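> task: produce atomic coordinates for the following.
(2 chains)
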Amino acid sequence: MVRVAVVSYPGSNCEAETNRTVVRAGGEAVPVWHRDTRLPDVDVVILPGGFSYGDYLRCGAIARFSPIMTAIQEHARTGGAILGICNGFQILCEAGLLPGALVRNEHLHFVSRPVALRVERTDTPFTTRFQRGDVIRIPVGHGDGRYIAPPHVIESLEKNGQIVLRYVDGFLDVPGNPNGALHDIAGVCNPSGRIMGIMPHPERLADPMQGSHDGLTMFESLITSHTTAAGAVA
Amino acid sequence: MARSVNTGAHTGRERPVKFHVHLRVMPRAGLLDPAGQAVEHALEALGFSEVSSVHLGRAIDLVVESSSAEAATDSARSMCERLLANPVTEDFTIEVVA
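Numbers count the residues shown, from 1 in each chain, chains lettered A, B, ... in the order given. As a prediction, the model looks like this:
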């Protein structure tokens, strides 16, 4: 079974839904605490949403120095998949595992609502079960979600296809870009596509009772892409 | 105002001195600063029509034990680069007082 570490920090608040969604997608969720110094034997690491260390200094800035981060850096170095959701995305940027930064929303308001997202790539472990160009609908909830990076970085992200999810306007009855992110960026990956950070919360729309499973599909991608990979090796 | 203290015959080395370090971390010039704009609008609403270019940042004070003001500055610069400022979005200034 595909094993997924879900790492909690003081102030994380989405780990329960994230664990549940991993299980619903067919994986095994392995809770990990920020003070652990070793990762259990896992295929995937998820950094869930929340307000790690109270967002002191900057969102994600302190979490980056927690004891577990050395093991996460090693997981990244050896090509392990990592998904950062919201605060997890902020942590990945602060840790230098993803380029750019997430700053205060342009309009200064905390935004909590569904957004429409276009799936730009399906060859990452997080998006295999979507079709390229699919528009999906999952919620955001953040005050500091405006993705920015220097112009040459944005240009290289566009050129290398590292923008995996983009806010779109005029779809599914929800307004577009909720925070002023450059190039409508909602999610980016590293050059290998194995590490992705996204501001929206797929784990918040993953229960059939909610009438949509777009968020669950992302987790199922993560699980099946690792099942297939393991099968190919065996 | 760097001040070096030599302990003389005992060790022949400089004894560390406590320096007060004042750091100022500001949004990089030219980047959108919505918080600064919001405060500027609030000041205008209070009748301060003469105000412009409001920017919000962080002030961080700390004490560094160091052999010289230069070493304390280097140390503070490293702290800013590695933690206290975001190299993508912020600039910082360092003031060291013995």
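
> CA atoms for contacts and neighbours, from now on please.
Fine.

> all helices of chain B, in order?
B:34-45, B:69-79 (DSSP state H).

> how about the residue in chain B that chain A sits nearest to, nearest residue that isn't a chain neighbour?
As assessed by Cα to the nearest Cα, chain A sits closest to residue B:34 within chain B, at 5.9 Å. Among residues not flanking residue B:34 along the chain, residue A:106 sits closest, at 5.9 Å (Cα to Cα, 6 or more residues apart in numbering or on different chains).

> pull the number of nearby residues for that neighbour.
18 (other Cα atoms under 10 Å in any protein chain shown).

> could you verify my assumption that the residue of chain B closest to chain A touches residue A:103?
No: checked against Cα atoms under 8 Å, the pair residue B:34 and residue A:103 is beyond contact range at 10.1 Å.

> which helix or strand in chain B has the lowest average pLDDT?
helix B:34-45 (a mean of 92; mean pLDDT, DSSP states H and E).

> related to what we said a few turns ago, ok, residue B:34 and residue A:103, which is more surrounded?
residue A:103 (21 against 17).

> per-residue pLDDT, the nearest residue to residue A:12 once chain neighbours are set aside?
Take residue A:12 and drop its neighbours on the chain: the residue closest to it by Cα to Cα, 6+ apart is residue A:50, 4.1 Å away. Looking at residue A:50, its pLDDT reads 95.

> who's in contact with residue A:50?
Neighbouring residues of residue A:50 by Cα atoms under 8 Å, 6 or more residues apart in numbering or on different chains: A:11-14, A:86-88.

> now with 6 Å?
When the contact criterion is Cα atoms under 6 Å, 6 or more residues apart in numbering or on different chains, the partners of residue A:50 are A:11-13, A:87.

> repeat for residue A:27
A:2-3.

> that one and residue A:20, how far apart?
Look at residue A:27 and residue A:20: by Cα to Cα, to the nearest Å, they are 10 Å apart.

> and residue A:170, what pLDDT?
For residue A:170, the model assigns a pLDDT of 83.

> no wait, residue A:137
92.

> same check on the one 5 residues further on?
Here, the pLDDT recorded for residue A:142 equals 97.

> what's the neighbour count on it?
Neighbours around residue A:142, by other Cα under 10 Å: 23.

> name whatever forms a beta bridge with it.
Beta-bridge pairing of residue A:142 under DSSP bridges involves residue A:111.

> again with residue B:59
Going by DSSP bridges, residue B:59 forms beta bridges with residue B:24.

> and chain A, which residues reach chain B?
By Cα under 6 Å from any Cα of the partner chain, the residues of chain A that approach chain B are residue A:106.

> quick one: low-confidence parts of chain A?
A:229-234 (pLDDT under 70).

> from it, which residue is nearest to chain B?
For chain A, Cα to the nearest Cα, closest residue to chain B: residue A:106, 5.9 Å.

> for that residue, give its distance to residue A:139.
Distance, residue A:106 to residue A:139, by Cα to Cα: 18 Å.

> what does residue B:36 give?
28 Å.

> got the residues of chain B near chain A?
residue B:34.

> what secondary structure does residue A:218 sit in?
Of the three states, residue A:218 takes helix according to DSSP: H, G, I helix; E, B strand; the rest coil.

> same deal with residue A:36?
Applying three-state DSSP: residue A:36 is coil.

> okay, the residue positioned nearest the centre of chain B: pLDDT?
Per Cα atoms, centre = their mean, the C-alpha nearest to the average position across chain B is that of residue B:23, at 1.3 Å. As predicted, residue B:23 sits at a pLDDT of 98.

> so it touches residue B:94, yeah?
Yes: the pair residue B:23 and residue B:94 passes the contact test of Cα atoms under 6 Å, sitting 4.8 Å apart.

> follow-up on the earlier one: against residue A:142, how distant is the residue of chain A closest to chain B?
12 Å.

> can you check residue A:210 too?
In terms of Cα to Cα, residue A:210 sits 21 Å off from residue A:142.

> still on that earlier bit, redo the helices of chain B as TSV? Include distance to residue A:133.
Converted to TSV, the helices of chain B look like this (distance: least, Cα to Cα, whole Å):
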stretch	distance to residue A:133
helix B:34-45	32
helix B:69-79	43
